[in-house]
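Engineer: using only what follows, build the 3D model:
(one chain, ligands or ions: 2)
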Amino acid sequence: MDNDVFYRELPKVELHAHLNGSVSAQTIEKLISRKPHLNIEHSMTAIGKGQRRTLDECFEVFRVIHKLVDTEEDILMVATDVIKEFAADGVKYLELRSTPREERDTGLTKKTYIETVIKAIQKCKEEGADIDVRFLVAIDRRNGTEVALETVNLAEEFMLSSDGLVVGVDLSGDPTVGHGKDLLPALQKAKNSGLKLSLHLSEIPSQLDESDLLLSLPPDRIGHGTFLHPEVGGSQSLVNKVVQKKIPIELCLTSNVKGNTVPCYSKHHFKYWYELGHPTVICTDDKGVFCTDLSQEYQLAASTFGLSHEAVWKLSQQAIDCIFGPEIVKQQLQEKWNDLHPQLFK
Ligand SMILES: CNc1ncnc2c1ncn2[C@@H]1O[C@H](COP(=O)(O)O)[C@@H](O)[C@H]1O
Ligand SMILES: [Zn+2]
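Structural biologist: Ligands and ions are numbered 1, 2, ... in the order given. Predicted coordinates:
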């Protein structure tokens, strides 16, 4: 089997995908033609092959995309397109995350924002897309305590009313802004109510105190965790906590290389955690902004770290254990993987 075909056909689980960072070039074209007066060019919404930016510049890209995605119609189209693209890439289970923005930015209340994403998920299901999609409501760390609490309250409401589609809360946003201690009460409340937590942790250096504090919750998954381990200025005690609590880590290779928090693919912390035998899940983060897809991320991990097709299969299968969806979904996915195995290894 051709290598590219293997990675596309490989059934995959995507657990770390920000909706507005996942908008493809084709969808951006449609948005630009809807809003020519904004004078936005495609080069402003994506970081191409071989290009690198500072994390600061990455966050500028999100601001541009948010200008393009500012109505209910846009959000519905973006979410529908993103889900179908993941499905076409062989993703069988997807947890999308997105930040409900202020009403002044979108004309939509935060509640309607969430409803619109849910509508897109239901639409794709009705149209028979071969992908199970769940939603994490995201907290942007820059917005502080009050907004975080408001977001958690909404997430709780939707956890009960969305037929299991809203499963958790994400903490993301510019890691240089704000402090986790201000968000701890909201995150604790989310956890107490049964929402799962995926937290961006140590995406930049020198956040040991914050990471230690947030690990005390503990989160159900960690996003990036780039600077947790001692070789890059983290600490053994942080690593021990993550290992003891078996908290899976979502790893996004291209995002970290293009966002310049990791010097090159071969120095990515995938190696550290994979060699420890710790649960790691390969993810895209922002497939649109970083011009990648999940097949490509698996292929990059394999070629960089010398993983066989069998090892890659195991990696994608083990990701099933890390989903926030219920046990029954894990079983269904296991069956799907078992059914597809002979096709990939004939
Ligand atoms: C590159 N590393 C990253 N680190 C932290 N947060 C990130 C991120 N990439 C994306 N986001 C978060 O996702 C938002 C865009 O999607 P949504 O509008 O929510 O769908 C960004 O504004 C940021 O808050
Ligand atoms: Zn992220």
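Engineer: all helices of the stretch 101-250 of the chain, in order?
Structural biologist: 103-106, 110-126, 144-161, 184-192, 208-215, 236-244 (DSSP state H, counting those that start in this stretch).
Engineer: of all those, which one is nearest ligand 1?
Structural biologist: helix 110-126 (8.7 Å; CB to the nearest ligand atom). In this view, the C-beta of every residue, glycine as well, is placed from N, C-alpha and C.
Engineer: residues contacting that closest one, please?
Structural biologist: Residues from elsewhere that reach helix 110-126 (CB atoms under 8 Å, 6 or more residues apart in numbering): 19, 72, 75-76, 79-80, 83-84, 87, 96, 98, 100-103, 106, 108, 131, 133, 135, 137, 150-151, 154, 157-158, 162, 165-166.
Engineer: from the stretch 151-300 of the chain, which residue is nearest to ligand 1?
Structural biologist: The stretch 151-300 of the chain approaches ligand 1 most closely through S172 (3.5 Å), counting by CB to the nearest ligand atom.
Engineer: would you confirm that that residue contacts H224?
Structural biologist: No. If you go by CB atoms under 8 Å, S172 and H224 don't touch, sitting 9.8 Å apart.
Engineer: for the two, indicate the residue with more neighbours.
Structural biologist: Taking other CB atoms under 10 Å, S172 and H224 do not tie; H224 has more neighbours (27 against 24).
Engineer: list the contacts for the residue lying closest to that one once chain neighbours are set aside?
Structural biologist: Nearest non-adjacent residue to H224, counting by CB to CB, 6 or more residues apart in numbering: E203, 4.5 Å away. With contact taken as CB under 8 Å, 6+ apart, E203 is in contact with 55, 175, 223-224, 226-227, 261.
Engineer: can you check G128 too?
Structural biologist: G128 makes no contacts at all, as judged by CB under 8 Å, 6+ apart.
Engineer: gap between it and K92?
Structural biologist: Distance of G128 to K92, computed by CB to CB, to the nearest Å: 14 Å.
Engineer: test my guess that D70 contacts D105.
Structural biologist: Yes. When contacts are counted by CB under 8 Å, D70 is listed as touching D105 (6.4 Å).
Engineer: ok, these two, which is more surrounded?
Structural biologist: Remark: of D70 and D105, D70 carries more neighbours, 18 against 13, as counted by other CB under 10 Å.
Engineer: excluding chain neighbours, what is closest to that one?
Structural biologist: That would be T106: by CB to CB, 6+ apart, it lies 5.2 Å from D70.
Engineer: surely that neighbour touches T71?
Structural biologist: Yes. Contact criterion CB under 8 Å: T106 and T71 qualify, at 6.9 Å.
Engineer: partner residues bridging the residue of the stretch 151-300 of the chain closest to ligand 1?
Structural biologist: Note on S172: beta-bridge partners D140, judged by DSSP bridges.
Engineer: check what pLDDT it gets.
Structural biologist: On pLDDT, S172 comes in at 98.
Engineer: anything in the helix or strand containing A301 near ligand 1?
Structural biologist: Per DSSP states H and E, A301 falls inside helix 294-305. No. Residues of helix 294-305 are not located near ligand 1 by CB under 6 Å from any ligand atom, the shortest gap being 13.9 Å.
Engineer: mark which of the contacts of helix 110-126 are part of strands, please.
Structural biologist: If you go by DSSP state E, those have 96, 98, 133, 135, 137, 166 in strands.
Engineer: among those residues, which are in reach of ligand 1?
Structural biologist: When those are filtered against ligand 1 using CB under 6 Å from any ligand atom, the residues retained are S98.
Engineer: for the ones in strands among the contacts of helix 110-126, work out which two are farthest apart.
Structural biologist: V133 and V137 (14.1 Å; CB to CB).
Engineer: rewinding a little: let's see if you can find the most crowded of the contacts of E203.
Structural biologist: That'd be H224 among the contacts of E203, by other CB under 10 Å, with 27 neighbours.
Engineer: do you know the pLDDT at that one?
Structural biologist: pLDDT for H224: 98.
Engineer: report the contact partners of it.
Structural biologist: 200-203, 249-252, 256, 261.
Engineer: using TSV, please lay out the helices of the stretch 101-250 of the chain together with mean pLDDT and distance to M1.
Structural biologist: Putting those into TSV (pLDDT from 0 to 100; distance: least, CB to CB, whole Å) gives the following:
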stretch	mean pLDDT	distance to M1
helix 103-106	89	44
helix 110-126	98	28
helix 144-161	98	41
helix 184-192	98	43
helix 208-215	98	41
helix 236-244	98	36
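Engineer: next one: the worst-scoring helix or strand of the chain on mean pLDDT to chain centre, how far?
Structural biologist: Every helix and strand of the chain was ranked by mean pLDDT, DSSP states H and E. The lowest is helix 103-106, at a mean of 89. Relative to its chain's centre, helix 103-106 lies at 23 Å (CA atoms, centre = their mean, to the nearest Å).
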